[in-house]
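# mind folding the following:
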Amino acid sequence: MADISGPSRPTSGSRAYHKGNVAEDLRKAAERMLATEPLERITIRRLTKEIGVAPANFYNHFDSLDELLFRIAAGSLNAAVDRAMEIWRGPGAKADLLVSSAIDFIRFCLRNGELMRLMLRWPRHARYDECRAASSRSLGEIVRFIYGENIEPGSPPVDNDRYGMAFGYIALSYGFALILASGRFGIDVEDEAELSRFVRNGILPFLDGSAAALSRAS
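Residues are numbered from 1 along each chain as shown. Modelled structure (predicted):
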């Protein structure tokens, strides 16, 4: 997960900036804004003012605001994959571990709504190599866990007929996050037990329907 808390806010002129930390400070400033504000309110001028540098300095580190935002999105997705892999290393049946990692991902999305928009709904992310790489890694690790097979980077598109359960799992996890964030179904997403029960009841039947495939992949 991206660090959305960040250090205390620096004021203009309060510290000396040098090559190598402006990019990181811009990223952290953007993450702080994403924690409390809509994506549309984040601007280069606001970010550079936040950390006390001239707007032109932004372009020494990023080609555009989109590039910065999608680096954050890629980092968040990679962190979600890392958390899922940690869950999958635990004891239990594959279906239960997949439900647990889905709950963790959905919980993160609900607590970080603007990051969720960047990761799941912002259409321009496909233009950025880091975002495409993070998405490919996510699918690859899910395929590895479910089927015990590796997908090499740069390989042809993954066969939906062969790995349909992996695609379905991703679609359900993303869909649940977006639907619950919209406030549908009257679920109290702040209630951990209710959220976990809702996600489990929705995803486990899909996985149970593929129990034979899960058993073969064990």
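# report pLDDT for Asp104.
pLDDT, Asp104: 96.
# now it: which helix or strand?
helix 94-111 (DSSP states H and E).
# need the contact partners of that helix.
Contact partners of helix 94-111, identified using Cβ atoms under 8 Å, 6 or more residues apart in numbering, comprise 1, 80, 83-84, 87-88, 90, 92, 115-116, 119-120, 145-146, 169, 172-173, 176-177, 180-181, 189, 192, 195-196, 199-200, 203-204, 207-208, 211, 214, 217-218. C-beta coordinates here come from the backbone N, C-alpha and C atoms, glycine included.
# just the buried ones from those residues, in PyMOL syntax?
To isolate the buried subset of those in PyMOL, counting by 16 or more other Cβ atoms under 10 Å, use the following:
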select buried, resi 1+80+84+87+88+115+116+119+120+145+146+169+172+173+176+177+180+181+189+195+196+199+200+203+207+214+217
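# the contacts of helix 94-111 in helices, which ones?
80, 83-84, 87-88, 115-116, 145-146, 169, 172-173, 176-177, 180-181, 192, 195-196, 199-200, 203-204, 207-208, 211, 214, 217 (DSSP state H).
# can you give me the domain boundaries for the protein?
1-62, 66-217 (automatic domain parsing).
# which stretch in these has the least confidence?
Sorting the domains of the chain by mean pLDDT places domain 1-62 lowest, at a mean of 77.
# run through the residues that contact the closest residue in space to Leu68 that isn't next to it in sequence.
Nearest residue to Leu68 in three dimensions, chain neighbours excluded: Phe62, at 4.7 Å (Cβ to Cβ, 6 or more residues apart in numbering). Neighbouring residues of Phe62 by Cβ under 8 Å, 6+ apart: Ala23, Leu26, Leu68, Arg71.
# where's Phe62, which helix or strand?
For Phe62, there is no enclosing helix or strand under DSSP H and E.
# what's the farthest-apart pair in the contacts of Phe62?
Leu26 and Arg71 (10.1 Å; Cβ to Cβ).
# can you pull up the most central residue in this structure?
When Cα atoms, centre = their mean is applied to the chain, the residue found nearest the centroid is Leu77 (3.0 Å).
# what helix or strand is it on?
Assessed by DSSP H and E, Leu77 sits inside helix 65-88.
# centre of the chain to that helix, how far?
Relative to its parent chain, helix 65-88 has a centroid offset of 5 Å by Cα atoms, centre = their mean, to the nearest Å.
# tell me the buried residues in it?
65-66, 68-78, 80-81, 84, 87-88.
# please apply the same query to stretch 49-69.
Applying 16+ other Cβ under 10 Å to stretch 49-69 flags Glu50, Ile51, Gly52, Val53, Asn57, Phe58, His61, Phe62, Leu65, Asp66, Leu68, Leu69 as buried.
# of all pairs in the residues you listed, which one spans the longest distance?
The most widely separated members of the buried residues of stretch 49-69, counting by Cβ to Cβ, are Gly52 and Asp66 (23.1 Å).
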